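>>> any chance you could fold what I've pasted below:
(chains A, B, C and D)
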Protein chains: 2
Amino acid sequence: MAETQSDTLKLDGAGPVYDQIRRAIRDLVVGGAWPPGTPVPPEHALMEQLGTSRMTVHRALVQLAREGLITRRRRSGTVVASPPASHAMFDILSIPEEIERLGQDYAYEILAREVGKVSPEVAERFGLKRSDRIVHLLVLHRGDGRPHVLEERIIHLAAVAAAAGEFFAEVPPGDWLLQNSLWSQAEHAISAVGASVQEAGLLEIAETEPCLLVERRTWNQDRPVTAVRLLYPGPRHRFVGRFGPYGPA
Amino acid sequence: MAETQSDTLKLDGAGPVYDQIRRAIRDLVVGGAWPPGTPVPPEHALMEQLGTSRMTVHRALVQLAREGLITRRRRSGTVVASPPASHAMFDILSIPEEIERLGQDYAYEILAREVGKVSPEVAERFGLKRSDRIVHLLVLHRGDGRPHVLEERIIHLAAVAAAAGEFFAEVPPGDWLLQNSLWSQAEHAISAVGASVQEAGLLEIAETEPCLLVERRTWNQDRPVTAVRLLYPGPRHRFVGRFGPYGPA
DNA sequence: TCTTGTCATTTGCATATGCAATTAGATAGC
DNA sequence: GCTATCTAATTGCATATGCAAATGACAAGA
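Just a heads-up that it's a prediction; the model follows:
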């Protein structure tokens, strides 16, 4: 998890000063050099350290706060914020949370766990190289005892070495990764598919039942971290979002 | 389309001055009093009119610009921006645009058009009152001749009276509405469903094929404007989005 | 021990000022 | 008419200054 990045504030001289400051701090935060909870120096200190006026520093910090990277409180000062676990409609969200928000009892079981090389089918399904070293998991999440979603996940050991020794007995892999890995980019795709025979059996649905498939891949600085296929049974699942003409409401 | 709203800037005295200014202008923009293209008074003028300093006005305008509501250029001044037609992942997007972006030839046909009261089935499917006066449409959109998406739409005449006399011969209803109506909120839901016999026939797919259903409802100030069901055939359609831990990338 | 009050630190906000950068429109020159 | 140049309007940015508001820390008192 160690990044090859400086942990000192350095202005690059490109563009407005307030934006240089903003980017400098942002880079330390998203690069992991300043993990959540790290105190950001007070405006006075930054002002002296950087040789600018307080208002200029202020402007940078206000903007970072609006972007959610830092939290500011009078007297207590400024600290690096924890990334919000769930954003808008389709962000990284915790499945336990998702189920508990429906008022259902959450449970999960690890149906399969393999550590090591990728099998040909997995390589094809997730677009991996055979030489990648991964953990491959199959997890069934239940709400009130009924299958809620089937999760098939791979974790890249190159990015998250600790995953090799983890059995996910207490915390499901999605939530575990939120605690134990860094990510800087994600992509997901939503589509409708039919379940395979095996999948239909696990989800306890008929084979012809349409399913909603959410595929998500996550990177940290261009290095793949994890990829997951979430298969939601039937038309009883809906993803809902609200927004206005100029952005999310 | 006339709104019962003032078109004069008025500060409400709540919170920071720069934010009062921001909200005042925002309300005129989203309320339709200042349609896209309207010039916003220069900072000097606002400063005098509102009795504040230029920097305070500036701060409000800079933020509005960052939110995308206004466009600013030196010397030319500030104008109200056009709402972006497509946003992030699931916003209002033009189907012709969507298809042309895939490099396919776009075509559409109106399969049905009814003006007047709602039938019981439609009332149930869209959650309407029988007394609502609407236009009901069924439209098939094609890319390179193949069915791309089946659109079933209702338009509330109370919100968009002009829709009653429109035959959508030149422009499909989605795009027509973008030009001829105002909306302030939208909600959509995505789910996986099986196609009905009729729908499967129109989309030229097998009956068992899973489909992606996007349902979108749109309001203007709590008054419903339109509702649409977009049925995408089979697993060949994917909605893709990218984002980072602190928001869309 | 608990409460209360005071103080100092830190952020939040507004203002005044000055200059830089951009560029629409006017003007001058060809 | 066309082009180059100039001018002025407008936004962009940085600074200095002052005060307000929140609140952690600590001291004083009950």
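>>> ends of stretch A:155-172, what's the gap?
13 Å (CA to CA, to the nearest Å).
>>> give me the contact list for it.
With contact meaning CB atoms under 8 Å, 6 or more residues apart in numbering or on different chains, stretch A:155-172 is reached by A:95-96, A:108, A:110, A:113, A:115, A:132-135, A:137, A:139, A:141, A:151, A:173, A:176-177, A:179-181, A:220, A:223-226. Placement of C-beta: from N, CA and C, glycine included.
>>> at 7 Å instead, please
Residues outside stretch A:155-172 that contact it (CB atoms under 7 Å, 6 or more residues apart in numbering or on different chains): A:95-96, A:108, A:110, A:115, A:132-135, A:139, A:173, A:176-177, A:180-181, A:220, A:223-226.
>>> which of these fall in helices?
A:95-96, A:173, A:176-177, A:180 (DSSP state H).
>>> break chain A down into its structural domains.
A:17-80, A:95-236 (automatic domain parsing).
>>> what residues does chain A have near DNA strand D?
With CB under 7 Å from any atom of the strand as the criterion, chain A meets DNA strand D at residues A:15-19, A:51-56, A:59, A:73-76.
>>> who wins for neighbours among those?
A:R59 (20 neighbours; other CB atoms under 10 Å in any protein chain shown).
>>> wait, isn't that one in contact with A:Y18?
Yes. Using CB atoms under 7 Å, A:R59 is in contact with A:Y18, at 4.3 Å.
>>> if we can go back for a sec, go through the ones in helices among the contacts of stretch A:155-172 and name the one nearest DNA strand C.
A:N180 (29.9 Å; CB to the nearest atom of the strand).
>>> tell me how many other residues crowd the closest residue to that closest one other than its chain neighbours.
Nearest residue to A:N180, sequence neighbours excluded (CB to CB, 6 or more residues apart in numbering or on different chains): A:A162, at 5.8 Å. Around A:A162 there are 12 other residues, counting by other CB under 10 Å.
>>> how about the secondary structure of A:A162?
helix (DSSP: H, G, I helix; E, B strand; the rest coil).
>>> quick check: the residue nearest to A:P245 when sequence neighbours are not counted vs DNA strand C, distance?
Sequence neighbours aside, B:P83 is the residue nearest to A:P245 in space, at 4.1 Å (criterion: CB to CB, 6+ apart). Using CB to the nearest atom of the strand, to the nearest Å, we find B:P83 at a distance of 23 Å from DNA strand C.
>>> how many neighbours does B:P83 have?
By other CB under 10 Å, the burial measure for B:P83, its neighbour count, is 20.
>>> you'd agree it is up against A:G244?
No. With contact defined as CB under 7 Å, B:P83 does not reach A:G244; the gap is 9.0 Å.
>>> so which of the domains of chain A gets nearest B:V40?
domain A:17-80 (21.5 Å; CB to CB).
>>> what about that closest one, how long is it end to end?
21 Å.
>>> swap in stretch A:218-229?
12 Å.
>>> touching chain B at all, it?
No. Using CB under 7 Å from any CB of the partner chain, stretch A:218-229 stays clear of chain B, with a minimum separation of 9.7 Å.
>>> report the buried residues of that stretch.
A:218-221, A:224-229 (16 or more other CB atoms under 10 Å in any protein chain shown).
>>> how distant is it from the center of its chain?
Counting by CA atoms, centre = their mean, to the nearest Å, stretch A:218-229 is centred 9 Å from the centre of its parent chain.
>>> other residues contacting it?
Against stretch A:218-229 from outside (CB under 7 Å, 6+ apart): A:126, A:151-156, A:158-160, A:177, A:181-186, A:213, A:215-217.
>>> number of residues surrounding the closest residue to chain B within chain A?
Residue nearest to chain B within chain A: A:P210 (3.2 Å; CB to the nearest CB). By the measure other CB under 10 Å, the count of residues near A:P210 is 27.
>>> surely it is in contact with B:V193?
Yes. Applying CB under 7 Å, one finds A:P210 in contact with B:V193, separated by 5.8 Å.
>>> mind listing what's buried in stretch A:151-171?
A:151-157, A:159-160, A:163, A:166, A:168, A:171.
>>> in strands, which of those residues appear?
Taking DSSP state E, the ones among the buried residues of stretch A:151-171 that sit in strands are A:151-156.
>>> okay, among those residues, which ones form the most distant pair?
The widest separation within these (CB to CB) is 16.4 Å, between A:E151 and A:H156.
>>> in chain A, which segments are predicted with low confidence?
A:1-6, A:84-92, A:247-249 (pLDDT under 70).
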